[in-house]
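Visitor: Give me a model of this one.
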Amino acid sequence: MPHMKKIIILIGIIILARATWYLASPLFITTEINEKFPELEAVLDTPDTIMTEVIPSQNQASQIKSGLFKNFDNFHQGSGKATIYKLSNNKNLLRFENFKVTNGPDLQVLLVKNTDPKNRNDLGDDYLNLGSLKGNIGNQNYELPENINLADYGSIVIYCQPFHVIFSTASLSSL
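Guide: Okay, the predicted model is just below:
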């Protein structure tokens, strides 16, 4: 019996250590991503195009809304720019540029109707989850679902799913 008690304690310590690593490691591990603007890659992949004649596609896309990320509190901090573009193929794209946020476990990118959410209740039930944050540093792209009314949405929120905590917000203004 005493031997079984030691095994149970050891299993408990292993489980606790793994859970602690999962929850705490994002605080000191960063993930940097630097995606190009998507249409530029498509233009460069066209065999008939001469690179010196390529006009950056970011200039061909229309900016619809934009905002700057801000710190949520002294611990959860963010900076950089969020811009929603209408691409030449009529799809909408959310792009983060010069983006940086405090890392955390299971961070999600949310498109929220509230222009300045202060807590998880301010997110409402009708936000759009655009998926997991690709990296806590760098330029990144997120496709937006078709047939959404962008006029209904007022901010981008970086949200920690396990702890229901807002890490950073960018209030969006029409351009």
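
Visitor: going forward, measure contacts and count neighbours with C-alpha atoms only.
Guide: Will do.

Visitor: Please enumerate the strands of this structure.
Guide: In the chain, the strands defined using DSSP state E lie at 62-71, 78-86, 92-101, 107-112, 128-132, 140-143, 155-160, 165-171, 173-174.

Visitor: Please work out which of those is packed deepest.
Guide: Comparing those by mean neighbour count (mean count of other C-alpha atoms under 10 Å), strand 155-160 ranks first with a mean of 26.

Visitor: tell me what that strand is packed against?
Guide: Identification of packing neighbours for strand 155-160 by 3 or more C-alpha pairs under 8 Å, 6 or more residues apart in numbering; DSSP states H and E yields strand 107-112, strand 165-171.

Visitor: average pLDDT across the first one?
Guide: Across strand 107-112, the average pLDDT comes to 98.

Visitor: same thing with stretch 116-128?
Guide: 95.

Visitor: do stretch 139-148 as well
Guide: Averaging pLDDT along stretch 139-148 yields 95.

Visitor: With stretch 87-100 instead?
Guide: Stretch 87-100 comes out at a mean pLDDT of 95.

Visitor: how far does it sit from the chain's center?
Guide: 12 Å (C-alpha atoms, centre = their mean, to the nearest Å).

Visitor: what separates the residue lying closest to S66 once chain neighbours are set aside from K100, distance-wise?
Guide: Nearest non-adjacent residue to S66, counting by C-alpha to C-alpha, 6 or more residues apart in numbering: T83, 4.2 Å away. Per C-alpha to C-alpha, to the nearest Å, T83 is found 15 Å from K100.

Visitor: Next: F75.
Guide: In terms of C-alpha to C-alpha, F75 sits 13 Å off from K100.

Visitor: Check N136 too.
Guide: Counting by C-alpha to C-alpha - N136 and K100 are separated by 6 Å.

Visitor: same thing with F69?
Guide: 9 Å.

Visitor: what residues go with each domain of this structure?
Guide: Annotated domains of the chain cover 1-29, 31-174 [automatic domain parsing].

Visitor: picking up where we left off before, quick check: neighbours shared by F69 and K100?
Guide: Common contacts of F69 and K100 (C-alpha atoms under 8 Å, 6 or more residues apart in numbering): 78-80.

Visitor: give me every residue that touches the residue nearest to S66.
Guide: 63-67, 94-96.

Visitor: Okay then, goodbye and thanks.
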